[in-house]
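1. sequence first, then the predicted structure:
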Amino acid sequence: MRLLASEGYCSSRDGRSFPGAGTVWRSRRGIPPTSLEVMAKAVVLVSGGLDSATVLAVARNQGYECYALSFDYGQRHRHELEAAHRVCRRFGVVDHRVCPLDLRVFGGSALTADIEVPKDRPDGEMSHGIPITYVPARNTIFLSVALGWAEVLGAHDLFLGVNAVDYSGYPDCRPEFIAAFESLANLATKAGVEGTRFRIHTPLIDLTKAEIIRLGRSLGVDYSLTHSCYDPSPNGRPCGRCDSCQLRAKGFAEAGLSDPALAGP
C-alpha cells in the first residue's frame, strides 16, 4: 500500500515540512486503508522517552499498523519501560514486545555499569564528544532485533526516534548511520534479497527538541506519560541535571510550554 499525505503540514525553523495534526493519510485512491487493503505494518522502537513517543504518534498518523518494540537491556532503572507501556497503551499498538537483552554483560556506559551519570554539563560540552552515557552500539543492536521481528511480521517499515540536532553526541543518531543500516537491512535479509525493500524512518532526525514537542502535541502525545531522565529518584522523579533532562527542559522552554512530566509531587 502506498500512503500519501494530503494536507496539514507544519514547518520547521528552516522551511522544512513535517506532518502535523491536520495531516490526512490515505490510500492511493483516497479510500481509508482498511476498506481497500490491509494496512501496512511498521515496527516502532519505543523506549518510553519523549522522542520515541512522538515517533509512534507519527507512524500511527501515517496510517501504519504499529508493532512496538522496547528493550530491557540492563538500564539503570525501570521507569522508562513503565513509560513505554503507558505510551503504547495510549496509542493502541497492535502488539508491544519487551525484549530482554542484558547489555550489562559488557558495561562500558553509565547506563549499564556502575559509572556515575554526568550532571550539570554546559551546552557546549554536551554538543561535543561522545559522553559516558553512550551505550556501545545500542542502536545497531536494537535495529537488528527490530529488523528480525519486522521480517517475521512481513513489515517493511521501521521507525526510530533518533535525532541529530538536539542530542548528546551519540554516533548512532546520525543520518549516515541510518543510511548505512538501511543498506545493510536490504542486503542481509531473506526479504531484502527477494526484492522487498526495508525502509528505516527517522522523522525527527533533523528537528530541534522544541520542534519535536510541537509536532507531538499536534498529534496528541501526552508527554506526562513519558520518561527521559538517566538518573531519576527511586519514585521516578527526574533529576533535572543529566544531559537528557537538560535537553528536554530546553525543548519545552523553546516551545513555550511546561513539561507535564514535572507536574505533581
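-> Cool, the structure landed. Residues are numbered from 1 along each chain as shown.
2. name the residues linked to the closest residue to residue 157 other than its chain neighbours by a beta bridge.
-> The shortest distance from residue 157 to any non-neighbouring residue, by CB to CB, 6 or more residues apart in numbering, is to residue 42 (4.2 Å). C-beta: built from backbone N, CA, C; applies to glycine. Beta-bridge partners recorded for residue 42 (DSSP bridges): residue 66, residue 157.
3. how far away from the center of its chain is stretch 75-92?
-> 12 Å (CA atoms, centre = their mean, to the nearest Å).
4. please point out which parts of that stretch sit buried.
-> The neighbour-count check on stretch 75-92 (16 or more other CB atoms under 10 Å) flags 75-77, 79-81, 83-88, 90-91 as buried.
5. helix or strand with the lowest mean pLDDT in the chain?
-> Here the helix or strand of the chain ranked lowest by mean pLDDT, DSSP states H and E is strand 4-5, holding a mean of 32.
6. now the helices for the stretch 1-150 of the chain?
-> In the stretch 1-150 of the chain, the helices defined using DSSP state H, counting those that start in this stretch lie at 33-36, 50-61, 79-91, 123-126, 138-153.
7. show me the contacts for the nearest residue to residue 100 once chain neighbours are set aside.
-> With CB to CB, 6+ apart as the criterion, residue 100 has its nearest non-adjacent residue at 4.9 Å, and that residue is residue 72. Counting by CB atoms under 8 Å, 6 or more residues apart in numbering, residue 72 makes contact with 81, 98, 99, 100, 101, 102.
8. out of the residues you listed, who has the most neighbours?
-> Within these, residue 81 tops the neighbour count with 19 neighbours, counted by other CB atoms under 10 Å.
9. that residue reaches residue 69, doesn't it?
-> No: in this structure residue 81 lies outside contact range of residue 69 using CB atoms under 8 Å: 11.9 Å.
10. point out the most buried one among the helices of the stretch 1-150 of the chain.
-> Mean neighbours per residue, mean count of other CB atoms under 10 Å, is largest over those for helix 50-61, with a mean of 26.
11. and it with helix 79-91, angle?
-> Angle of helix 50-61 versus helix 79-91, following axes from the mean of the first three to the mean of the last three CA atoms, to 10 degrees, is 20 degrees.
12. just confirm residue 217 contacts residue 256, I think it does.
-> No: at 10.8 Å, residue 217 does not count as touching residue 256 under the criterion of CB under 8 Å.
13. looking at these two, which one has more neighbours?
-> residue 217 (17 against 9).
14. could you verify that that one is part of a helix?
-> Yes: counting by DSSP: H, G, I helix; E, B strand; the rest coil, residue 217 is found in a helix.
15. now it: closest residue in space, sequence neighbours ignored.
-> residue 257 (7.4 Å).
16. burial count for residue 127?
-> Residue 127 sits with 12 neighbouring residues when counted by other CB under 10 Å.
17. do residue 165 as well
-> 16.
18. quick check: closest non-adjacent residue to it.
-> Distance criterion CB to CB, 6+ apart; nearest residue to residue 165, sequence neighbours excluded, is residue 208 at 5.2 Å.
19. right, and the one you found touches residue 214 too?
-> No: taking contacts as CB under 8 Å, residue 208 lies outside contact range of residue 214: 9.4 Å.
20. looking at these two, which is more packed in?
-> Neighbour count, other CB under 10 Å: between residue 208 and residue 214, residue 214 has more, with 22 against 19.
21. can you put the buried residues of stretch 75-92 in CSV and add distance to residue 243?
-> Formatted as CSV, the buried residues of stretch 75-92 follow (distance: CB to CB, whole Å):
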residue, distance to residue 243
75, 15
76, 14
77, 16
79, 17
80, 15
81, 20
83, 18
84, 20
85, 24
86, 23
87, 21
88, 25
90, 26
91, 27
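22. which of those sits closest to residue 203?
-> Set against residue 203, the nearest of the buried residues of stretch 75-92 by CB to CB is residue 91 (15.1 Å).
23. quick one: contacts for the closest one?
-> Counting by CB under 8 Å, 6+ apart, residue 91 touches 56, 57, 60, 66.
24. what's the closest non-adjacent residue to residue 229?
-> Leaving aside its sequence neighbours, residue 229 sits nearest to residue 238 (CB to CB, 6+ apart; 3.8 Å).
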